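**Student:** build me a model:
(chains A and B)
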Amino acid sequence: ETGVTQTPRHLVMGMTNKKSLKCEQHLGHNAMYWYKQSAKKPLELMFVYSLEERVENNSVPSRFSPECPNSSHLFLHLHTLQPEDSALYLCASSPTFSTNEKLFFGSGTQLSVL
Amino acid sequence: AQKITQTQPGMFVQEKEAVTLDCTYDTSDPSYGLFWYKQPSSGEMIFLIYQGSYDQQNATEGRYSLNFQKARKSANLVISASQLGDSAMYFCAMRGTNGGNNRKLIWGLGTSLAVNP
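**Tutor:** Here you go, the predicted structure:
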C-alpha cells in the first residue's frame, strides 16, 4: 500500500455510540492532520500532530479525541456526537509541519450521525 | 484576517479547451504560499500546484499553471487542454510563512468544474 489510507470509508452512528476513525500513511511523513469538510463551509483543520506530539488543536469539542501512537498512524475517537458533526473527515500527512509543503490526503470517512 | 475567495461555484468547459478558475486572497503577511487542490468524487484531495509570494515566475505543473497577480491578490488556476478526468472540485488555499497561527492553511469554498465531451 502507498499513500494515505483511511478506514472506514463510510460510518453511520447514533449519538450515544463510540467509534474511531483510522488513518495510516506509508510515506514516511512526520506530520499528520485531521480535517473536517462540511457542505458550504471551508475545510476546517481539527488537529495536527508533528513527530507524534499534538501541535494544534483548533477549538474542537471534546467529543472528538485524537490519538497518534506513532508517526504512521492517526486515530480520531468519537463519542456522544451531534447531528451537526455529520461530515467528511479527511486525514492528511506531510513530510514535516512546514509552511510550503503540500499535504497528502486520504479519501476520507463520510460520517453520518443520526 | 486571512481569507480565500472563490467566486465561481460551478464552471463548465468543453473537452480540450482551457479554463480559468478564480481565486482571490486577503492577507497582511508579507510572506505566504498559495496552493491549489483537486477533489474528485472519490473524496481524496490531490495537490496540483504551489506558488510562493516571493516567487518571481508563475508556477507551472504540466497542464496546470497559476496566474499570480500579487498586486491584485489573485492566484487563478489555468487548466489547459481540459480532459474528462478534470471534472472535480477545485480548492484554493493559502498559508502564511511567518510561523505561529499563520501556518494554518486557509481554504476557499471551492469551484465545481464539469468537463463536457
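**Student:** where in chain A is pLDDT low?
**Tutor:** The model of chain A has pLDDT under 70 over residues A:1-2, A:99.
**Student:** where does it come near chain B, residue by residue?
**Tutor:** Taking Cβ under 8 Å from any Cβ of the partner chain as the contact definition, chain A meets chain B at A:40-43, A:45, A:56, A:58, A:88, A:90, A:92, A:97, A:99-100, A:102-108, A:110. (C-beta placed from N, C-alpha, C; glycine too.)
**Student:** distance check, B:Gly96 against chain A.
**Tutor:** B:Gly96 sits at a distance of 7 Å from chain A (criterion: Cβ to the nearest Cβ, to the nearest Å).
**Student:** with B:Tyr64 instead?
**Tutor:** With distances taken as Cβ to the nearest Cβ, B:Tyr64 is found 13 Å from chain A.
**Student:** can you pull out the helices in chain A?
**Tutor:** With DSSP state H, there are no helices along chain A.
**Student:** quick one: the strands in it, in order.
**Tutor:** A:4-7, A:10-13, A:18-25, A:31-37, A:44-50, A:53-57, A:64-70, A:73-79, A:87-94, A:104-105, A:109-113 (DSSP state E).
**Student:** please apply the same query to chain B.
**Tutor:** Ranges of strands within chain B are B:3-5, B:10-14, B:19-21, B:24-26, B:32-39, B:46-52, B:60-61, B:64-69, B:74-79, B:88-96, B:106-107, B:111-116, based on DSSP E.
**Student:** what's the third one in contact with?
**Tutor:** So that's strand B:19-21. Residues outside strand B:19-21 that contact it (Cβ atoms under 8 Å, 6 or more residues apart in numbering or on different chains) are B:6, B:8, B:11, B:13, B:36, B:67, B:76-79, B:82, B:90, B:92, B:111, B:113.
**Student:** can you give me the buried ones in that strand?
**Tutor:** B:Val19, B:Leu21 (16 or more other Cβ atoms under 10 Å in any protein chain shown).
**Student:** ok, the fourth one next?
**Tutor:** Buried residues in strand B:24-26, counting neighbours by 16+ other Cβ under 10 Å, are found at B:Thr24, B:Tyr25.
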